[in-house]
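Asker: This is a predicted model, with the sequence first.
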Amino acid sequence: MQLKDLLGFDFITIQCHDFPDADAIASGWALYEFFKSKGKSVNLIYSGRNRITKANLTLMINTLNIPIMYVAPGSDLENNGLLITVDCQHGAGNVTDFNANSYAIIDHHQVEKTVQTYNHIKPDYNSCSTVVWELLKEEGFDLNSEISTALYYGLYTDSGMLAELSNPHDRDMIDQLDYSKSDITSFRNCNISIKELDIAGMAILRYSLNDEYHFAVIKSNPCDPNVLGLISDFLLQVDGVNTCVVFAENEQGIKISVRSCVKEVNASELAAYLTDRIGSGGGHYEKAGGWISINLFHEIFPGVHAEGYFNNRMIEYYNSFTLVEPGKFKVNVDELKKYKKLPVRLGFVKTTDVFAPGTPMMVRTIEGDSDFIADEGTYIMIGIKGEVYPIHAEKFHKNNNVIDEPYEFEKYVVNTEYVPSAKNKITGEVVDLVKYAKLCESTGSGTIYAKKIDKTHKVFTQWMKDSYMLGNAGDYLAVRIDDLNDMYIIENKIFHKTYEEI
């Protein structure tokens with residue numbers, strides 16, 4: 001769905017979920033201003049048992065002059081045209097049900113039981129603000145500083161003060177918004193109330209510690225997601241606590257904050273594991289967060305209390321993987337087969353074609369951000385998953401042949417969800433990396449040992465000693481024939497496209 005698909009409606013009501021947060025308010029207001037600019041009759045509303053009272057939200061509304069109105073449950077809307085629910089889904093438990101002729105949903109949570117004619121739902125995004133920002137970009141809508149500030153703050157609050165970002169689209173919005181830093185500082189410093197300070201203190205007293213795996217689980221009373229982050233940050237400073245989960249439960253769902261201070265646990269991956277099938281989660285290596293739908297939770301785990309679920313799920317997580325570290329994990333060659341690398345067509349970029357020699361640059365992909373220095377001897381490869389990695393020019397020409405044909409990202413990459421971009425870290429200029437890419441073909445000269453794994457493996461490679469490659473059941477553990485300590489993961493869906501058994 002695109003916003004232009006909704007321009008046939010003259011009367012539009014934009015509804016935030018009950019007791020809205022900053023993300024819902026920002027998303028709704030940005031849409032309000034877009035439809036207002038198109039000459040539509042627009043209202044921005046919320047409902048529920050309680051009106052907005054949180055200090056940072058009232059400050060945000062008053063500072064930015066956001067025209068949001070409270071409508072009591074059971075009231076008739078002023079118009080009965082199109083009703084757009086933002087940061088929520090019509091028919092779900094966290095939004096009051098109002099009647100309308102037509103409905104649309106713009107959201108970033110997991111799809112629930114109700115699906116409308118017009119839907120734009122991106123569950124992998126950290127905020128609905130990012131979803132709306134992209135929709136407005138598609139329409140060429142110019143965002144002023146006030147709307148930009150609101151959208152930034154929406155993402156800021158929904159991502160644990162930007163500590164739990166898991167999607168490159170969210171990072172793109174941060175880079176491109178022209179927001180007021182002074183307003184964000186004011187909102188941020190008005191974010192924790194005395195009541196929430198009491199909530200944090202009481203929660204810390206009720207911790208549950210697992211001595212075998214050194215993790216802690218804490219249940220908090222309902223509070224702002226930032227409070228969960230503060231609790232988890234504090235908890236990780238306790239001796240004997242390597243990972244932790246702090247959660248708060250309400251009628252709509254369960255918000256979680258996840259932390260890790262050990263290299264064998266990626267907090268982003270752990271958050272995704274804890275919310276699998278019942279919500280969404282992600283973030284950074286050390287800090288992450290997530291959301292669980294209460295309806296899905298009770299449907300899949302009937303009769304289970306949230307605290308018991310998290311404790312049991314954490315134990316399952318620690319028992320679910322095999323740790324592979326160079327020099328510590330001994331591979332049995334007799335259990336492996338030999339495979340020869342096939343010629344594969346890939347993209348490559350000369351860094352000096354993008355920026356001048358010596359320029360510090362950041363490359364953004366779906367897997368994260370990587371820093372490089374533009375240099376005549378440094379190329380960037382674009383793999384068949386869309387991943388990027390540096391390679392020295394001499395090694396590149398030894399193992400690849402340049403093909404005199406155009407490089408087509410959609411043709412040679414399996415996952416085209418996000419196109420890699422490059423940013424000049426001095427000027428801030430951002431360019432599409434694919435525009436500079438050329439085509440090459442690997443010579444297919446490599447030979448490896450490999451085996452299909454039947455459980456999750458976390459592999460620390462010789463070039464990645466502080467973070468691991470994650471291999472799931474069905475993927476392949478590969479070992480260089482000339483160095484049995486050089487091990488890495490090759491995904492199942494691309495293994496047989498790149499290797500054949502000898």
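Answerer: Yep, that arrived. Numbers count the residues shown, from 1 in each chain.
Asker: C-alpha only now, for contacts and for neighbours.
Answerer: Will do.
Asker: who touches the most centrally placed residue in the chain in this structure?
Answerer: For the chain, the residue whose C-alpha lies nearest the mean C-alpha position (C-alpha atoms, centre = their mean) is Ser166; its distance is 2.6 Å. Residues in contact with Ser166 (C-alpha atoms under 8 Å, 6 or more residues apart in numbering) are 124-126, 268, 282-284.
Asker: same thing but at 10 Å, please
Answerer: Ser166 makes contact with 124-126, 159, 268-269, 281-285, 288-289, 366-368, according to C-alpha atoms under 10 Å, 6 or more residues apart in numbering.
Asker: next one: Leu342
Answerer: Here Leu342 is in contact with 441-447, 495-500 (criterion: C-alpha under 10 Å, 6+ apart).
Asker: what does Glu146 give?
Answerer: 26, 30, 63-66, 152, 178-180, 183.
Asker: For Val258, what are phi and psi?
Answerer: phi -120, psi 140 (degrees, to the nearest 10).
Asker: scratch that, Ala30 is what I was asking about
Answerer: Per degrees, to the nearest 10, the backbone of Ala30 is at phi -60, psi -40.
Asker: same deal with Asp369?
Answerer: phi -100, psi 140.
Asker: which residues does it bridge with?
Answerer: Note on Asp369: beta-bridge partners by DSSP bridges are Arg364.
Asker: And the pLDDT for it?
Answerer: The model reports Asp369 with a pLDDT of 81.
Asker: do Lys395 as well
Answerer: In this prediction, Lys395 has a pLDDT value of 86.
Asker: In a strand, it, correct?
Answerer: No: remark: Lys395 does not belong to a strand; assigned using DSSP: H, G, I helix; E, B strand; the rest coil, it is helix.
Asker: wouldn't Tyr118 be in contact with Gln89 here?
Answerer: No: if you go by C-alpha atoms under 10 Å, Tyr118 and Gln89 don't touch, sitting 11.3 Å apart.
Asker: joint contacts of those two?
Answerer: Taking C-alpha under 10 Å, 6+ apart as the contact criterion, the common neighbours of Tyr118 and Gln89 are 103-106.
Asker: Assign a three-state SS to Ile292, would you?
Answerer: Put simply, Ile292 is strand when judged by three-state DSSP.
Asker: Not counting its neighbours along the chain, what's nearest it?
Answerer: Gly279 (4.2 Å; C-alpha to C-alpha, 6 or more residues apart in numbering).
Asker: Against Val86, how distant is that neighbour?
Answerer: 17 Å (C-alpha to C-alpha, to the nearest Å).
Asker: Those two - which one has more neighbours?
Answerer: A count of neighbours by other C-alpha atoms under 10 Å puts Val86 above the other of Gly279 and Val86, at 31 against 25.
Asker: hey, what's the more buried one bridged with?
Answerer: Applying DSSP bridges to Val86 gives these bridge partners: Cys16, Ile106.
Asker: I'd guessed it sits against Tyr103; true?
Answerer: No: taking contacts as C-alpha under 10 Å, Val86 lies outside contact range of Tyr103: 11.1 Å.
Asker: one step back: could you flag which of the shared contacts of Tyr118 and Gln89 are buried?
Answerer: Taking 16 or more other C-alpha atoms under 10 Å as the criterion, what is buried in these is 103-106.
Asker: Name the strands paired with the helix-or-strand element of the chain with minimal mean pLDDT and say parallel or antiparallel.
Answerer: Ranked by mean pLDDT, DSSP states H and E, the weakest helix or strand in the chain is strand 279-283, scoring a mean of 81. Counting by DSSP bridges, the strands paired with strand 279-283 are strand 287-293 (antiparallel).
Asker: surely the residue nearest to Ile292 meets Ile254?
Answerer: Yes: the pair Gly279 / Ile254 is scored as a contact, 9.1 Å apart, by C-alpha under 10 Å.
Asker: Helix, strand or coil: sort out Asp486 for me.
Answerer: strand.
Asker: where does the closest residue to Leu484 other than its chain neighbours land in three-state SS?
Answerer: For Leu484, ignoring the flanking residues on the chain, the nearest one in space by C-alpha to C-alpha, 6+ apart is Val331 at 7.3 Å. Three-state assignment for Val331 (three-state DSSP): coil.
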